[in-house]
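A.B. asks: Here's a sequence, model it:
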Amino acid sequence: FESDQDDLEKEDDEKETEEWKDYRKEGEEYSEEWMLNPLTEDMMKEGLSLLCKTGNGLAHAYVKLEVKERDLTDIYLLRSYIHLRYVDVSENHLTDLSPLNNLTHLLWLKADGNNLWSAHLNELPYLQIASFAYNQITDTEGISHPRLGSLDLKGNRIRRVTGLDPQKLISLHTLELRGNQLESTLGINLPKLKNLFLAQNMLKKVEGLEHLSNLTTLHLRDNQIETLSG
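C.D. replies: As a prediction, the model looks like this:
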């Protein structure tokens, strides 16, 4: 395992902590003031880009959408934009991502800084990168995308890892769980995993990692670890 004791990594952890606090503060200040603010066609027109061929190559569609920092509370409109491959809905007030279940061509998703309680989505066959950092997520259930390589869940409220099925997450190589409330490393049984970030949790034990034969990076800074048994 690579050491996580150098100063640069410590600075990164401290920076992440400050970002996490900022998101929490913003959420506390504005949670009572949120008004319904759904995604509109006008917002879509402003946020769409990257025209590409679709299907049989005879038609074209925009495949990239960025609608960050729009105070959005609802993205229902996305249900009909089935050709989207890259979606950034970060820094809004979203509590539900279910409209994304229709986006079966999705490759890349960023939903940081919302008010999500779950990262659950239907299996998306081509999704490779997903980030749900700085939300209110409490568990790791409902994540089963076969091509997912990088999953970012830092800055949430996850107490234990459950539901990460190695038979479904066959491509996952990087798992980011910094700044949660984890007390144990049980449940991280992902043999393909190469990078595991667990700093700034409440870990007292490191266990159940003996099957991670491909692991090259393990970050454990700022925990309460008393024993290494895994």
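A.B. asks: Pull up the gap between residue 185 and residue 177, please.
C.D. replies: Distance of residue 185 to residue 177, computed by C-beta to C-beta, to the nearest Å: 9 Å. All C-beta atoms are positioned from the backbone trio N, CA, C, and that covers glycine.
A.B. asks: Same question for residue 95.
C.D. replies: For residue 95, the distance to residue 177 - C-beta to C-beta - is 21 Å.
A.B. asks: the more surrounded of those two?
C.D. replies: residue 177 (24 against 15; other C-beta atoms under 10 Å).
A.B. asks: my guess is that one meets residue 201, correct?
C.D. replies: Yes - between residue 177 and residue 201 there is a contact under C-beta atoms under 8 Å: 7.1 Å.
A.B. asks: what are the ranges of the helices in the protein?
C.D. replies: For the chain, applying DSSP state H gives helices covering 7-30, 41-47.
A.B. asks: any weak-confidence spans in the protein?
C.D. replies: For the chain, the stretches with pLDDT under 70 are 1-34, 227-230.
A.B. asks: Need the overlap of contacts for residue 185 and residue 177.
C.D. replies: 161, 198 (C-beta atoms under 8 Å, 6 or more residues apart in numbering).
A.B. asks: so where do the strands sit in the chain?
C.D. replies: 48-54, 59-66, 86-88, 108-110, 129-131, 150-152, 174-176, 195-197, 205-206, 217-219, 227-228 (DSSP state E).
A.B. asks: Reformat these into a markdown table and put distance to residue 137 and mean neighbour count next to each item.
C.D. replies: Below are the strands of the chain laid out as a markdown table (distance: least, C-beta to C-beta, whole Å; neighbours: other C-beta atoms under 10 Å):
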| stretch | distance to residue 137 | mean neighbour count |
| --- | --- | --- |
| strand 48-54 | 28 | 13 |
| strand 59-66 | 22 | 17 |
| strand 86-88 | 18 | 19 |
| strand 108-110 | 14 | 21 |
| strand 129-131 | 12 | 20 |
| strand 150-152 | 11 | 20 |
| strand 174-176 | 12 | 20 |
| strand 195-197 | 16 | 21 |
| strand 205-206 | 22 | 18 |
| strand 217-219 | 19 | 18 |
| strand 227-228 | 27 | 10 |
